[in-house]
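Colleague: no sequence for this one, just the structure:
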């Protein structure tokens, strides 16, 4: 199944800069601890200005939460929804686009970010605000197809995103050992098995 077209050169250059800054920040967090590292120290180590870090990431928590693959997922989701796949089918296809890059090529970075996400209270709090915004971004993409209104799309997007977050949390609590996809598959299986069968009398 073909994916969406690649991003432009300017976007790729920006993504490369952000990746470099984020990798530098994660290394510093690993060495000195998240709370002890400042934005200015990250900027100096990455050889960029503090204003660049703030412009690209907003906050120190943003250095952990920024995910270069989010845009690819949204583009893929839009692409597959336009092909009239169901929301779940489109989401699974979009996740497959980033699986190799996110969880194989960038495995070490991903594991570090997941650990900081769930272990550092300020990062965890910021993460839930970020996820809330991501749900609305996905809902906007879905509503843009004309198949749902925004309110309907927000509910469906929430039902897709939060099981993925729960699977990531399970992976974290398992020490990020093994394939994270196994945790996602387990979560999706649990959802399918717990869903009521259409037309079934729940009082029986």
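Modeller: Received it, and whenever you're ready, just let me know what you need. For clarity, every value in this text was computed on a predicted model and none was experimentally measured.
Colleague: The least confident helix or strand in the chain by mean pLDDT: how far from the chain's middle?
Modeller: Every helix and strand in the chain was compared by mean pLDDT, DSSP states H and E; the lowest is helix 180-194, with a mean of 79. Taking Cα atoms, centre = their mean, to the nearest Å, one finds the center of helix 180-194 at 17 Å from the center of the full chain.
Colleague: Show residues contacting that helix.
Modeller: 99, 103, 163, 164, 166, 167, 168, 170, 171, 174 (Cβ atoms under 8 Å, 6 or more residues apart in numbering). C-beta coordinates here come from the backbone N, C-alpha and C atoms, glycine included.
Colleague: Can you flag the buried ones in these?
Modeller: Buried residues within the contacts of helix 180-194, counting neighbours by 16 or more other Cβ atoms under 10 Å: 103, 163, 164, 167, 168, 171.
Colleague: of these, closest to residue 131?
Modeller: The nearest member of the buried ones among the contacts of helix 180-194 to residue 131, counting by Cβ to Cβ, is residue 164 at 9.5 Å.
Colleague: so which strand or helix has that closest one?
Modeller: Element membership of residue 164, judged by DSSP states H and E, is helix 150-173.
Colleague: what separates that helix from the chain centre, distance-wise?
Modeller: Here the centre of helix 150-173 is set off from its chain's centre by 10 Å, with Cα atoms, centre = their mean.
Colleague: cool, and stretch 140-149?
Modeller: What separates the centre of stretch 140-149 from the centre of its chain is 20 Å, taken as Cα atoms, centre = their mean.
Colleague: Quote the end-to-end distance of that stretch.
Modeller: Taking Cα to Cα, to the nearest Å, stretch 140-149 runs 9 Å from one end to the other.
Colleague: which other residues reach that stretch?
Modeller: Residues from elsewhere that reach stretch 140-149, judged by Cβ under 8 Å, 6+ apart: 74, 77, 78, 81, 82, 84, 87, 150, 152, 153, 156, 157.
Colleague: list the buried ones in that stretch?
Modeller: So for stretch 140-149, counting by 16+ other Cβ under 10 Å, buried means 141, 142, 143, 148.
Colleague: would you list the contacts of helix 180-194 in CSV and tack on distance to residue 191 and pLDDT?
Modeller: Shown next, in CSV, are the contacts of helix 180-194 (distance: Cβ to Cβ, whole Å; pLDDT from 0 to 100):
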residue, distance to residue 191, pLDDT
99, 19, 77
103, 21, 68
163, 6, 88
164, 11, 87
166, 10, 90
167, 10, 88
168, 15, 89
170, 13, 90
171, 17, 89
174, 19, 89
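Colleague: would you list the residues you listed in a markdown table and tack on distance to residue 64?
Modeller: Shown next, in a markdown table, are those (distance: Cβ to Cβ, whole Å):
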| residue | distance to residue 64 |
| --- | --- |
| 99 | 21 |
| 103 | 17 |
| 163 | 22 |
| 164 | 18 |
| 166 | 19 |
| 167 | 19 |
| 168 | 13 |
| 170 | 19 |
| 171 | 16 |
| 174 | 20 |
